[in-house]
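A.B. asks: Here's a sequence, model it:
(one chain, ligands or ions: 2)
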Amino acid sequence: MQYLIKPPRLLNTVINLPASKSISNRALIMHALTGNGTLPQNLSDCDDTEVMINALKHMPETIDIKAAGTAMRFMTAYLAVTPGCHTITGTERMRHRPIAVLVDALRNLGADITYGAEEGFPPLIIKGCNISGGRLDIPGNVSSQYISALLMIGPMLKNGLTLHLTGNIISRPYIDLTLHMMGEFGADAEWTDFDTITVKAQPYKTKEYTIENDWSAASYWYEMMAMCGSLNDSVSLTGLTDGSKQGDSSVRYIFSLLGIKTSFADSRQGTPTTVTLRNSGRCVSRLEYDFVSSPDLAQTFVTCCAVMNVPFKFTGLQTLKIKETDRIEALKKEMRKLGYVIKDEGGHTLYWTGERCVPIQNPIIETYDDHRMALAFAPLAFRIKGLRIDNPMVVTKSYPHYWEDLRKAGFEIDEY
Ligand SMILES: O=C(O)C1=C[C@@H](OP(=O)(O)O)[C@@H](O)[C@H](O)C1
Ligand SMILES: C=C(OP(=O)(O)O)C(=O)O
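C.D. replies: Numbering: from 1, shown residues only. Ligands and ions are numbered 1, 2, ... in the order given. So this is what the prediction gives:
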């Protein structure tokens, strides 16, 4: 199936964003480790959180985690300290997303995990047992989700846990988010050096918890504001917090360089409120940015900057090739269809010098089972006539009501 997307003339709408899947999936693990208490409120209704809710509720012998990276990594650590024997598997892509760093770390701590097929990749067969914990060196340059997964079981280990992260630490705000939430759930976990984290053997406490909405999802509305470019347009997004611990809240600063102004209805830090976006019409002529702390925003800015005719150099993208698809290749290929020649360097940088090629008429954007391909390309419809998105339902991984929200905002979406 494809969606043909026609934009509205004006963008004036209020959007209730989905809840953050990163916060939802952390809250679910911590809630499960407390053993009781009320379920966190405002959990995301996205696929990646639904698989986690079902896995924790039913604990079947074989857990199919589908395409959810966080759920795969967090559940692996959780199952390692939970009685019972489980196989955890996922989609074809998930069975090719590396997990050896986490499995090695858990095994070094005493966990009983075997590979069900290829060494280093899911499926995993995990027998829960008592792990005493201790100190461990672990690469911090592959996926922060391995670190978060280990940290979250730290309070349950007899000797607590000290992680020494080696290599260039990537996606650091996600580790900080984990530590912050662990503190909210009563754990004692903190950075004790710039590369070392210590978790005390101090159990979680039950906590009533409400999930903040998703700043990564907000990025697509920022992109639409930048694309439509009229001073009379405005988009309001609900449930976001000034001073959010979500790393992707940095989107507001990066988009300020592209002219988008952000204002909070309630300026008290830490209170979820409505955020209003307006376009000032002022924009930098070139953008350089290091996305090592916010890799999920890369697609938003690659698509947006090129179509706004802002040459760019984006670094820190080394993790993009092991996400839902190889995002470096997917971006280069699909942007070429639109007439933009994006180049990569060393597997960690994407840049655009302004070079153009002949665009395809009525282009069909492939989404490669990657929600962010659909989410980031759809806003380009403001500038690209006849834009179609292939397999548009991929958005359910993080933002199930995206297309409904676009329709609400006045987009016409026809199905083919
Ligand atoms: O911990 C998390 O919630 C996430 C961490 C990031 O992954 P990496 O640490 O693999 O970059 C991010 O890309 C992902 O969408 C969510
Ligand atoms: C990379 C992502 O998700 P995950 O790694 O959790 O599958 C994402 O949502 O962009």
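A.B. asks: number of nearby residues for residue 127?
C.D. replies: When neighbours are counted by other C-beta atoms under 10 Å, residue 127 registers 15. Placement of C-beta: from N, CA and C, glycine included.
A.B. asks: Report the beta-bridge partner residues of it.
C.D. replies: Beta bridges link residue 127 to residue 85, residue 112 when assigned by DSSP bridges.
A.B. asks: what sits against it?
C.D. replies: By C-beta atoms under 8 Å, 6 or more residues apart in numbering, the contact set of residue 127 is 84-85, 112-113.
A.B. asks: for residue 261, same thing?
C.D. replies: Per C-beta under 8 Å, 6+ apart, neighbours of residue 261: 277-280.
A.B. asks: In helices only, show me the residues you listed.
C.D. replies: Judged by DSSP state H, helices contain none of those.
A.B. asks: CSV for the residues you listed, including pLDDT, distance to ligand 2 and neighbour count?
C.D. replies: Shown next, in CSV, are these (pLDDT from 0 to 100; distance: C-beta to the nearest ligand atom, whole Å; neighbours: other C-beta atoms under 10 Å):
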residue, pLDDT, distance to ligand 2, neighbour count
277, 97, 22, 22
278, 96, 27, 17
279, 96, 26, 24
280, 95, 29, 11
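A.B. asks: quick one: which of these is nearest to ligand 1?
C.D. replies: Of all the contacts of residue 261, ligand 1 sits closest to residue 277, with 22.3 Å by C-beta to the nearest ligand atom.
A.B. asks: I'd say that closest one and residue 258 touch.
C.D. replies: No - look at residue 277 against residue 258 with C-beta atoms under 8 Å: they stay out of range, at 11.2 Å.
A.B. asks: For the residue in the stretch 301-416 of the chain positioned nearest to ligand 1, grab the count of nearby residues.
C.D. replies: Closest to ligand 1 within the stretch 301-416 of the chain is residue 319: 4.5 Å, counting by C-beta to the nearest ligand atom. Around residue 319 there are 21 other residues, counting by other C-beta under 10 Å.
A.B. asks: Quick check, pLDDT for it.
C.D. replies: Model confidence at residue 319, given as pLDDT, is 98.
A.B. asks: Contact partners for it?
C.D. replies: 142-143, 170-171, 295.
A.B. asks: Could you rerun that using 7 Å?
C.D. replies: Neighbouring residues of residue 319 by C-beta atoms under 7 Å, 6 or more residues apart in numbering: 143, 170-171, 295.
A.B. asks: between the contacts of residue 261, which is closest to residue 10?
C.D. replies: Of all the contacts of residue 261, residue 279 has the smallest distance to residue 10: 11.7 Å, by C-beta to C-beta.
A.B. asks: and the stretch 201-350 of the chain, which of its residues are near ligand 2?
C.D. replies: Counting by C-beta under 6 Å from any ligand atom, the residues of the stretch 201-350 of the chain lying close to ligand 2 are 296, 323-324.
A.B. asks: And residue 52, how far from ligand 2?
C.D. replies: Distance of residue 52 to ligand 2, computed by C-beta to the nearest ligand atom, to the nearest Å: 11 Å.
A.B. asks: does that residue sit in a helix, a strand or a coil?
C.D. replies: Counting by DSSP: H, G, I helix; E, B strand; the rest coil, the backbone at residue 52 sits in helix.
A.B. asks: out of everything not next to it in sequence, what's closest to it?
C.D. replies: Nearest residue to residue 52 in three dimensions, chain neighbours excluded: residue 71, at 4.4 Å (C-beta to C-beta, 6 or more residues apart in numbering).
A.B. asks: burial of the one you found, as a residue count?
C.D. replies: Residue 71: 32 surrounding residues under other C-beta under 10 Å.
A.B. asks: Enumerate every residue touching it.
C.D. replies: Residue 71 sits next to 25, 48, 51-52, 65 when contact means C-beta under 7 Å, 6+ apart.
A.B. asks: do the same with residue 397
C.D. replies: Going by C-beta under 7 Å, 6+ apart, the list of residues near residue 397 reads 46-48, 67, 371.
A.B. asks: thinking again about what came up before, for the contacts of residue 127, pick the one with the most neighbours.
C.D. replies: residue 113 (19 neighbours).
A.B. asks: one step back: filter the contacts of residue 319 down to the buried ones, PyMOL style.
C.D. replies: Filtering the contacts of residue 319 down to the buried ones (16 or more other C-beta atoms under 10 Å) takes a single PyMOL command:
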select buried, resi 143+170+171+295
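A.B. asks: can you put the contacts of residue 319 in JSON lines and add secondary structure?
C.D. replies: Converted to JSON lines, the contacts of residue 319 look like this (three-state DSSP):
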{"residue": "143", "secondary structure": "coil"}
{"residue": "170", "secondary structure": "coil"}
{"residue": "171", "secondary structure": "coil"}
{"residue": "295", "secondary structure": "helix"}
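A.B. asks: Can you convert the contacts of residue 319 into a markdown table and add a column each for pLDDT?
C.D. replies: Listed next are the contacts of residue 319 as a markdown table, based on pLDDT from 0 to 100:
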| residue | pLDDT |
| --- | --- |
| 143 | 98 |
| 170 | 98 |
| 171 | 98 |
| 295 | 98 |
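A.B. asks: Closest one of the contacts of residue 319 to residue 272?
C.D. replies: So of those, ranked by how close each gets to residue 272 (C-beta to C-beta), first place is residue 171, at 23.3 Å.
A.B. asks: my read: the closest one touches residue 296, true?
C.D. replies: No - with contacts counted by C-beta atoms under 7 Å, residue 171 stays clear of residue 296, the gap being 9.0 Å.
A.B. asks: which residues sit in contact with residue 125?
C.D. replies: By C-beta under 7 Å, 6+ apart, the contact set of residue 125 is 87, 114, 116.
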